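Novice: Fold the following for me, if possible:
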Amino acid sequence: MKENYKNVLVAVDGSEQSNQAIQEAVEISKKNQASLLVVHVKDVAQLYGSAYIMPTVLEEAEKQSAEILDEAGKIIGDKVEYKTFQVSGSPKKEIVDFAEANDVDLIVLGSTGKGAIDRVLVGSTASYVVNHAPCNVMVVK
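Specialist: Numbers count the residues shown, from 1 in each chain. You can find the predicted model right below:
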């Protein structure tokens with residue numbers, strides 16, 4: 001384990017595992033006096049389809065993302081300072097890309113996500129992030 005983490009990223013999706021990951025990330029950030037970056041990825045890859053529903057679906061994705069980040073903020077409270085980010089794309093790829101672009105030295109995420117596909121492919125996002133991240137990864141069950 002590194003002596004000190006400076007930039008901790010927690011990826012959130014509103015699932016119970018995600019909420020557990022937030023709590024772990026808060027504790028790690030407090031112990032290391034690290035910056036906490038909270039990221040939600042809007043999975044737009046699943047949204048492409050009919051042009052008629054696209055604006056409505058995108059609007060709903062924005063709303064859900066804001067709600068997920070608000071809930072994360074409630075869990076964090078005033079325990080540590082943090083910043084929230086919304087990004088769009090494939091969650092597993094965007095988490096890795098965000099970590100690379102923001103000099104993250106620890107990624108914390110849940111073992112499984114909220115979506116039905118994630119439940120079938122248990123840990124596919126976590127597995128990808130572990131294998132492609134530029135830094136340490138903590139997977140929380």
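Novice: Quick one: list the elements packing against the lengthiest helix in the chain.
Specialist: In the chain, assigned by DSSP state H, the helix with the most residues is helix 54-76. In this structure, helix 54-76 makes packing contacts with helix 16-32, strand 35-42, strand 82-88, judged by 3 or more C-beta pairs under 8 Å, 6 or more residues apart in numbering; DSSP states H and E. In this view, the C-beta of every residue, glycine as well, is placed from N, C-alpha and C.
Novice: Enumerate every residue touching residue 126.
Specialist: Residue 126 makes contact with 109, 110, 111, 112, 137, 139, according to C-beta atoms under 8 Å, 6 or more residues apart in numbering.
Novice: Show me the two of those residues that sit farthest apart.
Specialist: Using C-beta to C-beta, the contacts of residue 126 reach their maximum pairwise distance at 112 and 137, which is 14.7 Å.
Novice: before we move on, back to that, would you list the contacts of residue 126 in JSON lines and tack on pLDDT?
Specialist: Formatted as JSON lines, the contacts of residue 126 follow (pLDDT from 0 to 100):
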{"residue": "109", "pLDDT": "95"}
{"residue": "110", "pLDDT": "92"}
{"residue": "111", "pLDDT": "87"}
{"residue": "112", "pLDDT": "74"}
{"residue": "137", "pLDDT": "96"}
{"residue": "139", "pLDDT": "94"}
